[in-house]
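Student: what follows is a protein structure lacking sequence information:
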């Protein structure tokens, strides 16, 4: 009955025996209750600790029971005090944990910070993409800049894209025009199209991004170094902006495949889209290397195309080429 107060069955029986009469010694209590001396002594020690037994004034060396009205009330007050102390300690612990989480959140990888989950390392990114791809139900939007895609990236994406496409998920992918010059990327885009995916190309693309069902977006922490990790966000305002960016880019891109050759032809002004973008980038002060990176083409290709443009424009310098390109409406 009193186990919640710290008295087991044996200790309670000893307490009841003490309450029933005059103080008794260990041997007498053991004989009356059928307990060993060791059991009696252990029970008496517990009663003393709980302030339910005290030394007898009538019989030195013996113990007397403290009345339940006094002794049990003391135990309750003690437990209440301990509970209050424990609650205060728990509150301090919660506060300390909150402070620690706030201080160390920026140091820990793969945690949610300010509404975005930060994933550090290619393995963490791949694991998160696998989960998001598995939960896809309607649509996936992807921008893949940089021209040729790495073999490792294509191999990691293939099973996820195939599973989604076979479930009826619509996949829209944007590559740079220069991606068509890479055999592996070209083959992957063709494979995607054959399975029902839609692939378009554009001379210049925004940074890499993937949007799942227009509710979750994954973007690199540093667009120039995917190994530094990525951010996954469900924040509606951010996701909506990224979707708008994709939609605008998609509208100006052209379908991959048969239409690509038409896209590469010169327009009525006598310049291809890639050449026009190259002129714009160089006219803005961008270096050859940086322009090549934006277009997904090599430095050698940038310089070769620029030399050809200068020759067509009959310009002796890039500054003059920029002026003549502007006069012709190429910029």
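Tutor: Yep, that arrived. These numbers come from a predicted model, not from an experiment.
Student: what about the lengthiest helix in the chain, average pLDDT?
Tutor: Across the chain, the longest stretch assigned as helix under DSSP state H is helix 68-104. Per-residue pLDDT over helix 68-104 has a mean of 78.
Student: same question, stretch 286-296
Tutor: 76.
Student: same thing with stretch 162-170?
Tutor: For stretch 162-170, the per-residue pLDDT averages 91.
Student: helices along the stretch 151-300 of the chain, start to end?
Tutor: Listed in chain order, the helices of the stretch 151-300 of the chain (DSSP state H, counting those that start in this stretch) span 151-166, 183-194, 236-252, 258-264, 273-283, 288-295, 299-313.
Student: tally of neighbours for residue 80?
Tutor: When neighbours are counted by other C-beta atoms under 10 Å, residue 80 registers 10. Placement of C-beta: from N, CA and C, glycine included.
Student: so how far is residue 87 from it?
Tutor: Distance, residue 80 to residue 87, using C-beta to C-beta, to the nearest Å: 11 Å.
Student: got it, and residue 276?
Tutor: 70 Å.
Student: between the two, who's got more neighbours?
Tutor: Counting neighbours by other C-beta under 10 Å for residue 276 and for residue 87 shows that residue 276 has the greater number, 19 against 10.
Student: with adjacent residues omitted, what lies nearest to that one?
Tutor: residue 330 (5.7 Å; C-beta to C-beta, 6 or more residues apart in numbering).
Student: where does the one you found sit: helix, strand or coil?
Tutor: For residue 330, the assignment made with DSSP: H, G, I helix; E, B strand; the rest coil gives coil.
Student: after the helix or strand hosting residue 123, which helix or strand is next?
Tutor: Counting by DSSP states H and E, the element that carries residue 123 is helix 122-134. Heading C-terminal from helix 122-134, the first helix or strand you meet, by DSSP H and E, is strand 139-144.
Student: which other helices and strands contact that next one?
Tutor: strand 170-176, strand 209-212, helix 236-252 (3 or more C-beta pairs under 8 Å, 6 or more residues apart in numbering; DSSP states H and E).
Student: what sits up against it?
Tutor: Applying C-beta atoms under 8 Å, 6 or more residues apart in numbering, the contact partners of strand 139-144 are 133, 164, 169-176, 179, 205-214, 243, 246, 249.
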